[in-house]
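Here is my input; please provide its structure:
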Amino acid sequence: AVVGAGPGGLTLARQLERTGKFSVTVYEQARDPLKTAVGGGLQLTSGATLLRERAGVDVSSSALEIERVISRDRQGGTILEIDLRRALREASLGPGYAIMRDALQRVLYEALPESVEVLSGYEVAAVRQTESEVRLGFADGEEATHDLVVGCDGVGSAVERLAFEGGETKQFTGIRVLFCVGDAPTSTTSTLFEQ
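Predicted coordinates for the structure are as follows:
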């Protein structure tokens, strides 16, 4: 079983099912598995190539190909500029894309084999492991048993918290990433991604 129907959980479910060795059930806390998207845009450079070649998922129709990446300081000066299209071509990789997280999630959801069952409205409340199985308990009192459970339920993972009680706690590293979108200079093209 996979807990979490975000991009990580959906990709894992697709790949496990495609091996032909697993029957996969995805449990999602949200009532609508396509309404779980939190966050904004993602930059897929080599990840887009890996999704296409290894998972058989092409994001190109839902994403914007990135030509260049430019990082600027507060005054607008260029800190870093990368011709991403050329760099990926030289590395024998396909194009890089910018895609909104909800669009990526929809592409991945629609690419799931019909045999993958996605159950929504399942909030994990308990994880109990024995030598032969893992039992999931849900907030509504329902239970399910699986050979394997993988927590893909995000940074505040209920699976991690419940399965590894007493484990290490997460600590803030002091690193913050700020991403914003502003007016682009008039000389840019539609495939310019600035950060």
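
Give me the helices and strands touching the lengthiest helix in the chain, please.
When the chain is parsed with DSSP state H, its longest helix is helix 7-18. On a contact count with 3 or more CB pairs under 8 Å, 6 or more residues apart in numbering; DSSP states H and E, helix 7-18 meets strand 2-3, strand 25-28, helix 46-55, helix 101-110. Glycine gets a C-beta too; all of them are placed from N, C-alpha and C.

can you tell which of these is closest to Asp153?
strand 2-3 (4.9 Å; CB to CB).

hmm, back to that, give me whichever of the helices and strands packed on helix 7-18 is most buried.
Most buried of the helices and strands packed on helix 7-18, by mean neighbour count (mean count of other CB atoms under 10 Å): strand 2-3, with a mean of 26.

If you average pLDDT over each of the helices and strands packed on helix 7-18, which is lowest?
In terms of average pLDDT, helix 46-55 trails the rest of the helices and strands packed on helix 7-18, at a mean of 81.

ok, then the element right after that helix?
strand 64-65 (DSSP states H and E).

one step back: could I get the helices and strands packed on helix 7-18 as CSV with distance to Glu17?
Formatted as CSV, these follow (distance: least, CB to CB, whole Å):
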stretch, distance to Glu17
strand 2-3, 10
strand 25-28, 10
helix 46-55, 11
helix 101-110, 13
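
pLDDT value on Val127, please?
95.

and it, how many residues sit next to it?
The number of residues packed near Val127 is 20, by other CB atoms under 10 Å.

Then Ile70?
17.

was I right about it contacting Asp83?
No. Ile70 is not in contact with Asp83 according to CB atoms under 8 Å; the separation is 10.2 Å.

So, low pLDDT: which residues of the chain?
36-39, 166-169, 176-195 (pLDDT under 70).

could you pull out the strands for it?
2-3, 25-28, 41-44, 64-65, 68-72, 78-82, 97-100, 117-120, 124-129, 134-138, 143-146, 150-151, 192-194 (DSSP state E).

The second one - which strands sit beside it in the sheet, and in what orientation?
In other words, strand 25-28. Paired strands of strand 25-28, with direction, are strand 2-3 (parallel), strand 117-120 (parallel) (DSSP bridges).

okay if I get the strands of the chain as JSON lines plus distance to Leu34?
Below are the strands of the chain laid out as JSON lines (distance: least, CB to CB, whole Å):
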{"stretch": "strand 2-3", "distance to Leu34": "16"}
{"stretch": "strand 25-28", "distance to Leu34": "10"}
{"stretch": "strand 41-44", "distance to Leu34": "16"}
{"stretch": "strand 64-65", "distance to Leu34": "20"}
{"stretch": "strand 68-72", "distance to Leu34": "29"}
{"stretch": "strand 78-82", "distance to Leu34": "33"}
{"stretch": "strand 97-100", "distance to Leu34": "13"}
{"stretch": "strand 117-120", "distance to Leu34": "9"}
{"stretch": "strand 124-129", "distance to Leu34": "19"}
{"stretch": "strand 134-138", "distance to Leu34": "20"}
{"stretch": "strand 143-146", "distance to Leu34": "22"}
{"stretch": "strand 150-151", "distance to Leu34": "20"}
{"stretch": "strand 192-194", "distance to Leu34": "25"}
